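In: Everything below, folded, please.
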Amino acid sequence: MSALLSLLREQIEHFSPQEKRLAEYVSENPEHVQRLGITELAAECGTSPATVTRFCKSLRFKGFPDFKMRLIGELSRPAEAGTYQDIVAGRPLKEIVRAIEANHLSSITDTTRLLDPEALERAVTALSSARRIDLYGMGTSSIVAQDFYQKLIRLGKSCTAFADSHMQITSASTLNEGDVALAISYSGETTETIAALQCAKDAGALTLSLTRYGTSPLPGLADIPLFTSSSEEGVRRGAMASRIAQLHVIDILFTGILSEGFEEYVPMLEQSYHNVRQYLKPSGGA
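Out: Next up, the predicted model:
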């Protein structure tokens, strides 16, 4: 199933009755919908073009043409490339290798298509000029936050990445205007992460979020919401494809920051590399 159709089925209980009819119709007739105009789709679902537009915008598309282009793009992809392959019992190792590769490639490709260049530009600018940066994440998302933390400190950025919810709130409480807080949560519904970003926002910091594509509370708190693919289904037994998608966005942000301040940051990266080699070289003793 395509990422978009999976998203519709995940979000269906959050829609209004008219939007729910649209989601069900698209899910059941995707091939037919890609040939319809907005007025035709509205008529088939017993609703109005304005409702179709609201439905598309609730899914963070610019409108129906943008939504339809995404649907057409996903339906044109080979079935295996566009379908998340979950963990199953007794699968041969060769098939597992191919499945994990397909999941990761699909996750990166889908996430890249979802990225808003303007939002990315604003995020890079905010992070580059921030006086201080807080990173929040729980569980697997805390590992992604730690990855960004170890990248940013090599650029001389004042940065923290706490996985403990109490420390996140404590740190967020001391932020001010000119600081940036980035909250990472695949679901966008992690209570502790939402609380930390709300605290940072109340303190005056610029807020960023990184969540799966769709409707969830966390992006609503963010001045700049960023999204990853939502193709990982079921109970997310390994949180693998979602982690890869998050790291993909983190690497884009880091490279953007580095590129923007290349002359300043490259000497710092080189110095940290040489210092690690100098101070942590093998002693040669017993």
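In: I'd like the next helix or strand past the helix or strand bottoming out on mean pLDDT in the chain.
Out: Lowest by mean pLDDT, DSSP states H and E among the helices and strands of the chain is helix 79-82, with a mean of 50. Sequence order places helix 93-114 as the next helix or strand after helix 79-82, per DSSP states H and E.
In: counting contacts, what elements does that following helix pack onto?
Out: Judged by 3 or more CB pairs under 8 Å, 6 or more residues apart in numbering; DSSP states H and E, the packing partners of helix 93-114 are helix 79-82, strand 224-228, helix 240-260. Just so you know, the C-beta spots here come from the backbone N, C-alpha and C atoms, and that holds for glycine as well.
In: residue ranges for the strands of the chain, please.
Out: For the chain, the strands defined by DSSP state E cover 133-137, 159-162, 180-184, 206-212, 224-228.
In: Would you convert these into TSV that also reports mean pLDDT?
Out: Listed next are the strands of the chain as TSV, based on pLDDT from 0 to 100:
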stretch	mean pLDDT
strand 133-137	98
strand 159-162	94
strand 180-184	98
strand 206-212	96
strand 224-228	94
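In: right, so of the ones you listed, which gets closest to Ala43?
Out: strand 224-228 (31.0 Å; CB to CB).
In: mind checking how far the closest one is from the chain centre?
Out: When C-alpha coordinates are averaged (CA atoms, centre = their mean, to the nearest Å), strand 224-228 and its chain have centres 5 Å apart.
In: what pairs with it, and is each one parallel or antiparallel?
Out: strand 206-212 (parallel) (DSSP bridges).
In: neighbouring contacts of the partner strand?
Out: Residues outside strand 206-212 that contact it (CB atoms under 8 Å, 6 or more residues apart in numbering): 123, 126-127, 130, 144, 179-188, 197, 200-201, 218-219, 221-230, 232, 242, 246, 249-250.
In: same thing with stretch 215-228?
Out: 11, 14, 58-60, 107, 111, 114-116, 119-120, 122-123, 126, 183, 185-190, 193-194, 197-198, 201, 206-213, 242, 245-246, 248-249.
In: Any quick ChimeraX command for the buried ones out of the residues you listed?
Out: Remark: buried members of the contacts of stretch 215-228, expressed as a ChimeraX selection using 16 or more other CB atoms under 10 Å:
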select :11,59,60,107,111,114,119,120,122,123,126,183,185,186,187,188,190,193,194,197,198,201,206,207,208,209,210,211,212,213,242,245,246,248,249
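In: Could you pull up the residues touching the closest residue to Ile72 other than its chain neighbours?
Out: Distances taken as CB to CB, 6 or more residues apart in numbering place Gln34 nearest to Ile72, at 4.9 Å, with adjacent residues excluded. Contact criterion CB under 8 Å, 6+ apart gives 68, 71-72, 75 as the residues in contact with Gln34.
In: same deal with Arg70?
Out: 4, 61, 113.
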